[in-house]
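Chemist: Fold the following for me, if possible:
(2 chains)
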2 protein chains.
Amino acid sequence: MGQGISNAVGFAIAERYYAATYNTEDTPNLFDHFIYVICGDGCLQEGVSSEASSIAGHLGLGKLIVLYDDNQITIDGPTDLSFTEDVAKRYEAYGWHVQTVGDVENGIHDLRAAVNAAKLVTDKPSLIKVRTTIGFGSMIEGSAATHGAPLKPDDLEHVKQSFGFDPKKTFQVPDDVREAFGIRVQELEKKRAAWDEMYARYSQLHPDKARELERRFSHQLPPDVFKSLPTFTFGKDTAKATRQYSQENLNALAKLMPELMGGSADLTPSNLTSLACSGDFQKNTRNGRYLRFGVREHGMAAICNGLFAYGGIRPFCATFLNFAGYALGSIRLSALSKFGVLYIMTHDSIGLGEDGPTHQPVEMLESLRSMPNIHVFRPADANETNAAYQSSLSELHTPTVICCSRAALPALESSSVEKALKGAYVVVGHESDDASLILVASGSEVGPCVAAAAKLSGEGINTRVVSIPCQELFFKQSLEYQRSVLPGNIPTLSVEASAVHGWHRLSHAQIGMTRFGLSAPAGVLFERFGFSANNVAEKGKALVEFYKNEGQVPNLMSRPIFENFANGAAR
Amino acid sequence: MGQGISNAVGFAIAERYYAATYNTEDTPNLFDHFIYVICGDGCLQEGVSSEASSIAGHLGLGKLIVLYDDNQITIDGPTDLSFTEDVAKRYEAYGWHVQTVGDVENGIHDLRAAVNAAKLVTDKPSLIKVRTTIGFGSMIEGSAATHGAPLKPDDLEHVKQSFGFDPKKTFQVPDDVREAFGIRVQELEKKRAAWDEMYARYSQLHPDKARELERRFSHQLPPDVFKSLPTFTFGKDTAKATRQYSQENLNALAKLMPELMGGSADLTPSNLTSLACSGDFQKNTRNGRYLRFGVREHGMAAICNGLFAYGGIRPFCATFLNFAGYALGSIRLSALSKFGVLYIMTHDSIGLGEDGPTHQPVEMLESLRSMPNIHVFRPADANETNAAYQSSLSELHTPTVICCSRAALPALESSSVEKALKGAYVVVGHESDDASLILVASGSEVGPCVAAAAKLSGEGINTRVVSIPCQELFFKQSLEYQRSVLPGNIPTLSVEASAVHGWHRLSHAQIGMTRFGLSAPAGVLFERFGFSANNVAEKGKALVEFYKNEGQVPNLMSRPIFENFANGAAR
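Modeler: Take a look at the predicted model:
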């Protein structure tokens, strides 16, 4: 509920952006069309539509025309049970052009006139409030009973009779309807031919623009685009926060990929998502690719779904990882709709510090990892962040969430983009070595594991460290590779400043968050909750001892290869 | 963001409900107070506040007074980057009384007058838009730089000087402020004494009402209240959908527990949450305990947090399980704030059928189970639903999500409320038996496992079935009990029509959903995705074979007893 109208705001942004960017003096109407929405009471009660509608008004998206099916009925009964606000006035407050059509059942002339009037208002989106009757023509018209259930057979017959159809026949198309549609098809075919002709002329006059458009709409990446990504030389370059690497990668790509378009939910200086190569998309700067979403996470994600669906755009959007929870309804629809939206989620753990547990994600990584068709990247250094961007833009039909640290993280000596693209790899030790203990971690917890491993190996416990920036990619590798990295029969301790819910698949014991965080500086919290190198080393040693006493390490990789037995439920 | 004002709507509902229910002719002002909110631009951009504000207007909550700190600055910069709507007009559209105070820096007289005017409007909530300057008096007043970071030392001194303080001293209270506060404390002490006196008189005149109030505000359950819960006799009573048992339990309790107050996000006939013992809370029926939330899941959960925080109320709210994703921001705050809110989430799997994957939860169970301090119940029959209600109301500081089926489920012969309260128990077989295979399932998947076990045991594979209605409660049992139910070294197959993310802790292999659902009748989908008794039996047999070939079953219970090694991170 509320997603469609919010997606349409994304469409309306895309239409104006394309028009400003690709229309030319000789071809001023290459992009020039309206976006129509039909929505109901429920759609307009949802917060997500409020957020998106407010932005649409701010941006003055005049091509957007919403027909609000005001039938005054929801599932619980008449809307006056819960929804008596003045919707028309609210949309005026958002800066929309609002009209009301009172009697659409006795002819659609008023509606047609209203749509024509809406088209003439080019600086404001339009809402046309159309008073309708639910189940019009049936025996239970105007009642909530027609909302969720099909009409009964006798009522179906009654409806057909009400409109002059044969009550016994199922599919009937009256001649005048067939004729009207036939004429319309011809009109539209002509329009299409005219547009094709216009485009053929355009591509002769503006071959570069046409080539770019065609590349964008066929979702081809520019050749060698990933070569532009920043590299990092261990021992020479200074290590930074992964949100800073994210900024560098995003900007390197944005310069070469005009299809990258997006912004932040009012956290630009924290998420570090501003684009050096582009200004804002605003009412008077329609060619800008940076979107100021305001404090509207759900609307932001829904608009990005619309931008993706329009075509030729790879949308990105950003907030703190914890506030993915505000946008989950739309993130889920990215995954379900196979929209390769890029979510940049910074401040990805208790490591964000003083803002406290309201801002510190604990369950969000596991929550996202539980969702089908989404990749959750939590890079640990420059190379892994580079890999996260390569992966996210290579995956057209899978959204990616890149979870970034607020603070600087140490660079990993043996990390590489290629290894990180496998989802997990050995960062200390070697696949073939005789490790007594494996530490597996992601993001900001890889560093403490590397330090712990040095300490433990000095004490004679040969310790491997595995960095796992993306579980989903790791599980797509061959079983041989998976077993070479995490053999399953070596005591394995996972370390992630997040819920441990899904880690039992990969580790025998977990250092994680089984409670909400606290408000304190990041260093204090990492120490307090056991993510220091010392605690990791101590607990690693305890794990090795534990299995020495047990006599046997249960093999985590000894499971049937078919992860999921269900028919048709391939990973 | 947006949660505080939405919680306050819950407060304002509670205040009017208590007044209507407990005030008497002789004591007409026992409950009679205003609810004040101070909020900013961000709060009013969030969809959750739009939802809650729309309900507040609908309900005419005249005691609610919101001071909107209109400082025109958010983190990204001036609000005209993203937020140019007419907020005052929007709130008028919601049915609020709206005033504007233009110049609060040069005296609070206008603000005081506006608050007094707001108090006189008793049939509408009030918004007072107060134009302010962020960082007023500092060297960077009016700039976004003052939003997220503390002032620099020299600017701190400057601020102190601006207001006539000694720039070098840290804590300073001027004499006139101390005096004014002293007078106010005396006034309030007198008010408090007068209220105490009024209440003493009230409890003499209305001992029953006073006793009930005291019980409610000390969060004591009525004695023996759980004895009122419906019982089920196996072999005699007809099995129903767990949402129907939920309805029976909710109604049995609501009759005896006036503190149960809540409703549904416009899915009353589907969630089955209507109360036979109480009508709606509406503008003219303030003693009603049923809330018509409209299609506003996020606002609903935030309002329930407010109802709980007010005191003496055990709020419940309902929607389809999948739409918990719309409300996750507020559900998280129930858990973080230790508010024992009851979430009734029906249509809890692909089993909801034709509405399709947009309505079918897949990842939601795992998402909620990853969250600290929340209980996720997925009952399989009448006894388990009874247990879910007992548990949820016994847990004052932990919210509970009860996930219910749309369709009828078979009753379990050996289930019981006591066993279900342990979170998991053996439903076919016995703790001490010599099982070759364990099937572990929740909710609607327990039935197919019971049927599969009968089939397998007939073929000589002694099969135990474990029902696990609540993982969180199970993990709180003694390790002995946990190991008696799920020994860990017997091949274990979990079956749940949901993501398998967290199941590796409990099972060697999983039948689950690793993709989104489809639109089809429930039976077709259960067959299609492998949840039929036949498929469970077949895959169970394959699992037994697999470990026969491996020679060894990895023991899932052979882990260090300390689940989480972190300091202070007790479960």
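
Chemist: CA only for contacts and neighbour counts going forward, please
Modeler: Will do.

Chemist: And the pLDDT at the residue nearest to A:Ala441 when sequence neighbours are not counted?
Modeler: Leaving aside its chain neighbours, A:Ala441 sits nearest to A:Val495 (4.9 Å; criterion: C-alpha to C-alpha, 6 or more residues apart in numbering or on different chains). A:Val495 carries a pLDDT value of 97.

Chemist: List the residues that contact A:Val495.
Modeler: Going by C-alpha atoms under 8 Å, 6 or more residues apart in numbering or on different chains, A:Val495 touches A:Leu439, A:Val440, A:Ala441, A:Ser442, A:Glu445, A:Val446, A:Cys449, A:Gln510, A:Ile511, A:Gly512, A:Phe531, A:Val536.

Chemist: So which of these wins on neighbours?
Modeler: A:Cys449 (33 neighbours; other C-alpha atoms under 10 Å in any protein chain shown).

Chemist: would you list every one of the strands in the stretch 401-550 of chain A?
Modeler: In the stretch 401-550 of chain A, the segments counted as strands under DSSP state E, counting those that start in this stretch are A:425-428, A:437-441, A:463-467, A:492-495, A:509-511.

Chemist: ugh, wrong one, I meant the stretch 151-300 of chain A
Modeler: A:260-264, A:290-292.

Chemist: do you know which of those lies nearest chain B?
Modeler: Shortest distance between chain B and the strands of the stretch 151-300 of chain A, using C-alpha to the nearest C-alpha, is found for strand A:290-292: 5.7 Å.

Chemist: Which strands and helices lie in contact with that closest one?
Modeler: If you count contacts as 3 or more C-alpha pairs under 8 Å, 6 or more residues apart in numbering or on different chains; DSSP states H and E, strand A:290-292 packs onto strand A:260-264.

Chemist: circling back: quick one: which of the contacts of A:Val495 is nearest A:Leu479?
Modeler: A:Val440 (17.6 Å; C-alpha to C-alpha).

Chemist: so that closest one touches A:Pro469, yeah?
Modeler: No: the criterion here is C-alpha atoms under 8 Å, and A:Val440 misses it with A:Pro469 at 10.2 Å.

Chemist: re earlier: in CSV, list the strands of the stretch 401-550 of chain A along with distance to A:Thr319.
Modeler: What follows is these, written out as CSV (distance: least, C-alpha to C-alpha, whole Å):
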stretch, distance to A:Thr319
strand A:425-428, 28
strand A:437-441, 23
strand A:463-467, 25
strand A:492-495, 24
strand A:509-511, 26
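
Chemist: mind listing the helices for the stretch 1-150 of chain A?
Modeler: A:3-22, A:41-45, A:47-59, A:87-93, A:109-120, A:145-148 (DSSP state H, counting those that start in this stretch).

Chemist: Name the residues that touch the first one?
Modeler: Same thing as helix A:3-22. Counting by C-alpha under 8 Å, 6+ apart, A:28-39, A:43, A:48-49, A:52-53, A:56, A:61, A:63-64, A:66, A:209, A:281, A:286-289, A:299, A:302-307, A:309-310, A:330 sit against helix A:3-22.

Chemist: Kindly report the same for the last one.
Modeler: Residues outside helix A:145-148 that contact it (C-alpha under 8 Å, 6+ apart): A:Ile73, A:Thr74, A:Ile75, A:Ile134, A:Gly135, A:Ile140.

Chemist: Determine the number of other residues adjacent to A:Glu187.
Modeler: Per other C-alpha under 10 Å, the neighbour tally for A:Glu187 reads 12.

Chemist: tell me which parts of the stretch 351-500 of chain A are close to chain B?
Modeler: A:357-358, A:362-364, A:366-373, A:499-500 (C-alpha under 8 Å from any C-alpha of the partner chain).

Chemist: Among these, which lie within helices?
Modeler: A:Met364, A:Glu366, A:Ser367, A:Leu368, A:Arg369 (DSSP state H).

Chemist: Closest one of those to B:Ile128?
Modeler: The closest of these to B:Ile128 turns out to be A:Met364 (C-alpha to C-alpha; 36.0 Å).

Chemist: and the gap between the closest one and A:Met513?
Modeler: Going from A:Met364 to A:Met513 by C-alpha to C-alpha, to the nearest Å gives 11 Å.

Chemist: Which of the two has more residues huddled nearby?
Modeler: A:Met513 (31 against 24).

Chemist: Mind listing what's buried along the helix or strand of chain A with the lowest mean pLDDT?
Modeler: Across the helices and strands of chain A, mean pLDDT, DSSP states H and E gives its lowest value to helix A:145-148, namely a mean of 83. Under the neighbour-count criterion of 16 or more other C-alpha atoms under 10 Å in any protein chain shown, helix A:145-148 has A:Ala145, A:Thr146, A:His147 buried.

Chemist: residue contacts, the closest residue to A:Glu472 other than its chain neighbours?
Modeler: Using C-alpha to C-alpha, 6+ apart and skipping residues adjacent in sequence, the residue nearest A:Glu472 is A:His375, 5.9 Å away. Shown in contact with A:His375 (C-alpha under 8 Å, 6+ apart): A:Arg369, A:Ser392, A:Thr398, A:Pro399, A:Thr400, A:Val401, A:Cys470, A:Gln471, A:Glu472, A:Leu473.

Chemist: Test for you: state the pLDDT assigned to A:His375.
Modeler: Per-residue confidence (pLDDT) for A:His375: 98.

Chemist: Which residue ranges of the stretch 401-550 of chain A form helices?
Modeler: A:417-420, A:446-458, A:471-476, A:479-485, A:522-528, A:533-550.

Chemist: could you check the angle strand A:437-441 makes with the second one?
Modeler: Note on geometry: by axes from the mean of the first three to the mean of the last three C-alpha atoms, to 10 degrees, helix A:446-458 and strand A:437-441 are set 170 degrees apart in direction.

Chemist: How far off centre is helix A:446-458?
Modeler: 35 Å (C-alpha atoms, centre = their mean, to the nearest Å).

Chemist: ends of stretch A:360-369, how far apart?
Modeler: 17 Å.

Chemist: again with stretch A:410-430
Modeler: 20 Å.

Chemist: cool, and stretch A:307-324?
Modeler: End-to-end distance (C-alpha to C-alpha), stretch A:307-324: 19 Å.

Chemist: roughly how far is that stretch from the heart of the chain?
Modeler: The chain centroid and the centroid of stretch A:307-324 are separated by 5 Å under C-alpha atoms, centre = their mean.

Chemist: Stretch A:92-100 too?
Modeler: With C-alpha atoms, centre = their mean, you get 29 Å for stretch A:92-100.

Chemist: what about that stretch, near chain B?
Modeler: Yes: Stretch A:92-100 is in contact with chain B by C-alpha under 8 Å from any C-alpha, via A:Ala93, A:Tyr94, A:Gly95.

Chemist: For these, pick the one with the most neighbours.
Modeler: A:Tyr94 (27 neighbours).

Chemist: need the contact list for that one.
Modeler: With C-alpha under 8 Å, 6+ apart, A:Tyr94 has these contacts: A:Ser53, A:Ser54, A:Ile55, A:Ala56, A:Gly57, A:His58, B:Thr84, B:Glu85, B:Asp86, B:Arg90.

Chemist: now it: how far from A:Lys63?
Modeler: 16 Å.

Chemist: Show me what A:Val465 bridges to in the sheet.
Modeler: Judged by DSSP bridges, the bridge partners of A:Val465 are A:Val428, A:Leu439.

Chemist: Of all the residues in stretch A:409-422, which ones are buried?
Modeler: A:Leu409, A:Pro410, A:Ala411, A:Leu412, A:Ser415, A:Ser416, A:Val417, A:Lys419, A:Ala420, A:Leu421, A:Lys422.

Chemist: Take these and write them to JSON lines, including pLDDT.
Modeler: What follows is the buried residues of stretch A:409-422, written out as JSON lines (pLDDT from 0 to 100):
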{"residue": "A:Leu409", "pLDDT": "97"}
{"residue": "A:Pro410", "pLDDT": "95"}
{"residue": "A:Ala411", "pLDDT": "96"}
{"residue": "A:Leu412", "pLDDT": "97"}
{"residue": "A:Ser415", "pLDDT": "97"}
{"residue": "A:Ser416", "pLDDT": "97"}
{"residue": "A:Val417", "pLDDT": "97"}
{"residue": "A:Lys419", "pLDDT": "98"}
{"residue": "A:Ala420", "pLDDT": "98"}
{"residue": "A:Leu421", "pLDDT": "98"}
{"residue": "A:Lys422", "pLDDT": "98"}
